[in-house]
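K.L.:
kindly return the folded structure for what I paste below:
(chains A and B)
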Amino acid sequence: METIKLTIDNKEIDVPRGTTIYKAAKELGIDIPTLCYMELHDMNIENKPAGCRICVAEVSGRRNLAPTCSTKCEPGMVVKTHTPRVLNARRTVMEFILSDHPKDCLVCSKSGTCELQAMAHRLGIRDIPGAAYAAVSTYRKDTSPSIIRDLDKCIMCRRCEMMCNEVQTVGAISAVNRGFMATVAPAFEQNLEHSTCTYCGQCVSVCPTGALTEVNHVPQVLRALVDPTKTVIVQTAPAVRAALGEEFGLAPGTLVTGKMTAALRALGFDYVFDTDFAADLTIMEEGAELLDRLAKHLKGDKTAKIPILTSCCPGWVNFFEEYFPDLKDVPSTAKSPQQMFGAIAKTYFADKIGVNRKDMVVVSIMPCLAKKYECQRDEFSVDGNPDVDFSISTRELASFIKQANIDIKTLHDEDFDSPMGESTGAGVIFGTTGGVIEAACRTAYELYTGKKLERLDFTELRGMEGVRSATIDFDGLPVNIGIAHGLGNARKLLDDVRAGKSQFHAIEVMACPGGCIGGGGQPLHHGNSDIIKARATAIYAEDRKKSLRKSHENPFIIKLYDEFLGKPGSEKAHHLLHTHYFDKKKKIMIKK
Amino acid sequence: MSKYSMHLLVCGGTGCHASESDAIVCNLRDELEAKGLMDSVQVILTGCFGFCEKGPIVKVMPDNTFYVQVKPEDAQEIVDEHIIKGRKVTRLLYRDPVTREPVSDSKHMGFFKKQLRIVLRNCGFINPENIDEYIARDGYQALGKVLTEMTPEEVIKVVKDSGQRGRGGAGFSTGLKWELARNNKSDEKYVVCNADEGDPGAFMDRSVLEGDPHSVLEAMAICGYSIGASNGLIYIRAEYPLAIERLKIAIKQAQEYGLLGKDIFGTGFNFDIKLRYGAGAFVCGEETALIHSMEGLRGEPTVKPPFPAEAGYLNKPTNVNNVETFAAIPVIILKGAKWFSSIGTEKSKGTKVFALAGKINNVGLIEVPMGTTLREVIFEIGGGIRNGKKFKGIQTGGPSGGCLSEKHLDTPIDFDNLIAAGSIMGSGAMIVLDEDDCMVSMAKFFLEFTVEESCGKCAPCRIGNKRLHELLGQICEGKGSLDDLDRLRNMSVVIKDTALCGLGQTSPNPVLSMMDNYYDEYVAHVTDKKCPAGQCKSLLEYVVNAENCVGCTACARVCPVNAISGERKEVHLIDPSICIKCGACIEKCKFDAIFIR
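P.N.:
Numbers count the residues shown, from 1 in each chain, chains lettered A, B, ... in the order given. The predicted structure follows:
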């Protein structure tokens, strides 16, 4: 590849043609500040509208300053990133941006993690000239089941828009209005609830300011915990343990399973359980469904829908209900682990400990914002009492722990409670892309062939490619597996299914890039995809540590079927562990 | 035109159209019908003559009599007197503003004397809805010549050698633009005509499209042949219904004549043109925003490169030229590069159309060779300042341009001179300001437009322009300081230096140029809290002149806020803390006893 020689801040560098000044500078260790630019490298996600104009630099032969994020290097270019002209421009533009931003940093939910605040500090801004009479653009606040939009704080970086439209292809939000009142919103500035939003939360996870945040359910959880009449049960999703430590200064990829358990106990939860248990249960049900459909399909039964699609991810469920309602009988009917957990906790386990379901509160700790919506769905409640009462994100849990004066780093590891805290490695890997289908293969292989699976690590199913495929040999039967993470990638596979062109027998879909480890409720990655990859590594490490790594070998799952459910796919299992989907294709309704 | 012995050309431009030129045409035809003259005299609704100040205009050919401010009821007199009796209707003739003598032939009028009409060659001469009239004036000959005698490279060479620079504002070489588009290989390319004329006061593109639509169609086909495109798109604002209508007719006629469509002139060259409508966003005149708008996306600019010549409409190589740029192309092809480049200045060739507006006597559309001075434009063609007031400045290039003062009057107008003087050519709108105009208020006025029209994509334009506007407002209200003038300049410089597209990069031009040329006026606003032009209400004070006041109480009775006190037959007083400066008292006072300070 052709290389180009240029000079940045008096340092020479050779870069491949096409490299931007911003990236070339980074190679030289020059970190040019920017507010809108964001790249998740190796994940094909890049946002560069060149809108914030903070990353500008002087470029030889150019009349005006160049946005380095989107200006390509040219041979012999001389770039200066910190001349008085550049510094003055950067500061003045930053003052512009701050002048149109609320000054409520002290009480903003993003305080401390806000990129705008950090940039103001980095650029040494001490004053906002003209703030006394400067108008601030204000908008109607919008609260949905999962996400709060406070567009007064929007700085038009367009990251959310890029995530929603280009990565997720959901198209719920885009730029509206012009000039000073320009912002990012659903069509006709309707509420998110009236848009095609799936609540995947990827907009929230890239928002540099407090414009997009999660709905905070910690106060409700706290109220339940102090209510002596309530038995409060908590379940923690697999991806949480791989990321929670980051909120306490631990390196990304540090597993804090034991410390998290100890912290939850210290917070006062009566039972600290694991969603991984329900993940194992999901494999039993989904695996049985897969084998059933596959067997019928192989016999030539045209009513058997192949490929089967996973259904653990609520963002994904919302997506196909919105965009592919015609395919709503294709995904597995198995509920997500969160909801299976709630259904079992409020029946089987409630009976076991002699507590009425009305006196039991199930809280889930999730890497996800769509889970907040999922647990509020009508079909997941009995007589108005939801199977899962509250879902809080990894970030909310971290805040809760800090408020309770708990120093997670000094806690000693503790184990989950029994029985719903016991899980296999298969349950753990649900947290990363490819994990659900790998877990399903481990079980389905053994159930289908009747043979012991020698090689548990299906490395061919792992990785960060947006769309992956592999053929797994089920003892002579080639099973074609498709994997997609990110809804835009899912759409590609779904389009094939709709057109009848799909060659897959089973497809795993996760709404968020990277799977749950990259979920909308996770600690903010601030555009560093290495963090997401470190979480994946941690998840696979946890799996390897487990003595049992196949869901159907989980003794407590076996016991659950023996004592309560019968066998996978039984009537009771169907009643408690399976669901159905709806046509939610929206018509645009203008609400006055 | 041979069948008729006489032609009555009635201006059908938007201005005259609004002043009932349609009714004039009807009445003239009715009269001719009644007098049995329909076979010998033809009435033609043409495009804009340019002299909008004096519209509606009726021109009689072949004697070149130029009637101004004609009303529908004048039709009878024109037919009876001029056509039947051969006597000119003197009362409808233009009168020289100095001699007060009637002038019959337009070429003797100051307004037309210095003009050289290349782009506007057919406006006011032909019926834009009749392709035959365009063809009769050498129309489509250039396309024929290009397709049958020239290679695309030769065409591009002629355009390059002519030295023509894009008339949309930036002044990039047309030939070079075509060459770049030609050199990018692709299975499909597009020719786009930018007819999203958005500068307030500019209407040259509209006039060309209304008066001579075929010249643009022909040029687009020539461009298509040169760069290797078979699709043309005209992006026109929906606010130009008459231009759209005439374009539709022109396209249909050209298609029927085989001048658009497949195998034009039997040469195997295919080219067709479609219309795309803009919704009136100023920023969509910026070519990347225009392309996004045509693609159905939000009308927002993107960073260049990639230039449209590389990746434009639907990511294909696209050549975008302005209406005025295209309209000159057929003439350049027929008369040659040498002819065109002999007109104008060293680096700006040919002519430029300007729209004159503001405090000038002859409001209208003019076309002059590059290098004509502002003085010639304002005082000779424009007829000087209205109501005998003193010239103060001229805003060139619309709200994105700058305001030039007395000292620039003898500057020859071309792309580079205007930039050197702190303004831009822009689309060619010229707004003349007189001694009553406040240069702080004017800067604020122009900023108001760019604030409104910013797309909001980049921070300096979205927020910076708003802050500039606010600060100018503060200064107008007497709340500014000398430090604020420094801030005003710094903000302006930074917005120019950092904004994403041409809109933001030029929006502070009025502020900077007005501060450069009228700094004292800015200082007066912030230090003396005075508005020398007497425009900024907050800085005015209504005062009673005790010597003149007779205590009639008329002012006190008319004051809507009871700010005036005083007994009968005693001197009255205005309380400045209550006064809202509505001016009612001044109007009422018969003794000149109230003045503004």
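
K.L.:
distance of residue B:163 relative to residue B:338?
P.N.:
Separation of residue B:163 from residue B:338 (C-beta to C-beta, to the nearest Å): 10 Å. (Each C-beta comes from the backbone N, C-alpha and C, glycine too.)

K.L.:
between these two, which one's more packed in?
P.N.:
For residue B:163 versus residue B:338, neighbours defined as other C-beta atoms under 10 Å in any protein chain shown are more numerous around residue B:163 (23 against 10).

K.L.:
which non-adjacent residue is nearest the more buried one?
P.N.:
residue B:349 (3.5 Å; C-beta to C-beta, 6 or more residues apart in numbering or on different chains).

K.L.:
which residues touch residue A:262?
P.N.:
Remark: with contacts taken as C-beta atoms under 8 Å, 6 or more residues apart in numbering or on different chains, residue A:262 is in contact with A:411, A:412, A:413, A:414.

K.L.:
that one belongs to a helix?
P.N.:
Yes - checked against DSSP: H, G, I helix; E, B strand; the rest coil, residue A:262 lies within a helix.

K.L.:
circling back to that earlier point, make a ChimeraX selection of the buried ones in the contacts of residue A:262.
P.N.:
In ChimeraX, a selection of the buried entries from the contacts of residue A:262 looks like this (16 or more other C-beta atoms under 10 Å in any protein chain shown):
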select /A:411,414
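
K.L.:
return the member of the contacts of residue A:262 nearest to chain B.
P.N.:
residue A:411 (44.2 Å; C-beta to the nearest C-beta).

K.L.:
the closest one and residue A:263 touch, don't they?
P.N.:
Yes - the pair residue A:411 and residue A:263 passes the contact test of C-beta atoms under 8 Å, sitting 6.0 Å apart.

K.L.:
phi first, then psi, for the residue nearest to residue B:163.
P.N.:
Here is the backbone geometry of residue B:349 (degrees, to the nearest 10): phi -100, psi 160.

K.L.:
next up, the contacts around it.
P.N.:
Residue B:349 touches B:162, B:163, B:164, B:165, B:340, B:341, B:343, B:370, counting by C-beta under 8 Å, 6+ apart.

K.L.:
turn those into CSV, including secondary structure and pLDDT.
P.N.:
As requested, these are exported to CSV (DSSP: H, G, I helix; E, B strand; the rest coil; pLDDT from 0 to 100):
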residue, secondary structure, pLDDT
B:162, helix, 96
B:163, coil, 95
B:164, coil, 96
B:165, strand, 95
B:340, helix, 96
B:341, helix, 95
B:343, coil, 96
B:370, coil, 95
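
K.L.:
and the closest residue to residue B:125 other than its chain neighbours, how far is that from residue A:111?
P.N.:
Nearest in space to residue B:125, with sequence neighbours left out and distances taken as C-beta to C-beta, 6+ apart, is residue B:46 at 6.4 Å. Residue B:46 is 67 Å from residue A:111, where distance means C-beta to C-beta.

K.L.:
more neighbours: which of the two?
P.N.:
More crowded of residue B:46 and residue A:111, by other C-beta under 10 Å: residue B:46, with 28 against 12.

K.L.:
could you report the neighbour count for whichever residue of the stretch 301-450 of chain A sits closest to chain B?
P.N.:
Among the residues of the stretch 301-450 of chain A, residue A:323 lies closest to chain B, at 19.4 Å counting by C-beta to the nearest C-beta. Neighbourhood size, residue A:323 [other C-beta under 10 Å]: 22.

K.L.:
state the mean pLDDT of stretch A:70-79.
P.N.:
The average pLDDT within stretch A:70-79 is 96.

K.L.:
could I get the contacting residues of the nearest residue to residue A:141 once chain neighbours are set aside?
P.N.:
With sequence-adjacent residues excluded and distances taken as C-beta to C-beta, 6+ apart, residue A:141 is closest to residue A:150, at 5.7 Å. Residues in contact with residue A:150 (C-beta under 8 Å, 6+ apart) are A:141, A:210, A:211, A:212, A:213.

K.L.:
tell me the secondary structure for the closest residue to chain A within the stretch 401-550 of chain B?
P.N.:
Relative to chain A, the nearest point of the stretch 401-550 of chain B is residue B:456 (2.4 Å; C-beta to the nearest C-beta). At residue B:456 the chain is in coil, as set by three-state DSSP.

K.L.:
residues contacting the residue nearest to residue B:125?
P.N.:
B:9, B:10, B:11, B:12, B:123, B:124, B:125, B:126, B:127, B:128, B:211.

K.L.:
so which of these is the closest to residue A:305?
P.N.:
residue B:128 (63.0 Å; C-beta to C-beta).

K.L.:
could you give the number of residues near the residue of the stretch 101-250 of chain B found nearest chain A?
P.N.:
When C-beta to the nearest C-beta is the measure, the stretch 101-250 of chain B has its nearest residue to chain A at residue B:170, with 11.6 Å between them. Applying other C-beta under 10 Å, we find 16 residues neighbouring residue B:170.

K.L.:
surely it and residue B:506 touch.
P.N.:
No - applying C-beta under 8 Å as the test, residue B:170 and residue B:506 come out as separate, 9.7 Å apart.

K.L.:
look up the pLDDT of the residue of the stretch 101-250 of chain B closest to chain A for me, please.
P.N.:
Value listed for residue B:170 in the pLDDT field: 81.

K.L.:
wait, what's in contact with it?
P.N.:
Applying C-beta under 8 Å, 6+ apart to residue B:170 gives the contacts residue B:502.

K.L.:
any idea which element it lies in?
P.N.:
Using DSSP states H and E, residue B:170 falls within no helix or strand.

K.L.:
shaky segments in the chain?
P.N.:
Picked chain A for this. Applying pLDDT under 70 to chain A picks out residues A:586-592.

K.L.:
actually it's chain B I care about, not the one you picked
P.N.:
B:1-2.

K.L.:
domain parsing for it?
P.N.:
Segmentation of chain B into domains, based on automatic domain parsing, reads B:6-108, B:131-341, B:351-434, B:439-528, B:541-596.

K.L.:
and the helices in the stretch 451-597 of chain B?
P.N.:
B:459, B:465-476, B:482-498, B:502-506, B:509-517, B:519-523, B:554-558, B:584-588 (DSSP state H, counting those that start in this stretch).

K.L.:
tell me the most buried of those?
P.N.:
Greatest average neighbour count among the helices of the stretch 451-597 of chain B goes to helix B:459 (a mean of 27), per mean count of other C-beta atoms under 10 Å in any protein chain shown.

K.L.:
got the phi/psi numbers for residue 425?
P.N.:
All of this is about chain A. When quoted as degrees, to the nearest 10, the phi and psi of residue A:425 stand at phi -60, psi -30.

K.L.:
how close does it get to residue A:368?
P.N.:
For residue A:425, the distance to residue A:368 - C-beta to C-beta - is 21 Å.

K.L.:
between these two, who's got more neighbours?
P.N.:
residue A:368 (33 against 26).

K.L.:
what's the nearest residue to the more buried one if we skip its chain neighbours?
P.N.:
Closest to residue A:368 by C-beta to C-beta, 6+ apart is residue A:519, at 4.5 Å.

K.L.:
now for that neighbour: which residues touch it?
P.N.:
So residue A:519 contacts A:201, A:205, A:239, A:366, A:367, A:368, A:369, A:393, A:394, A:512 (C-beta under 8 Å, 6+ apart).
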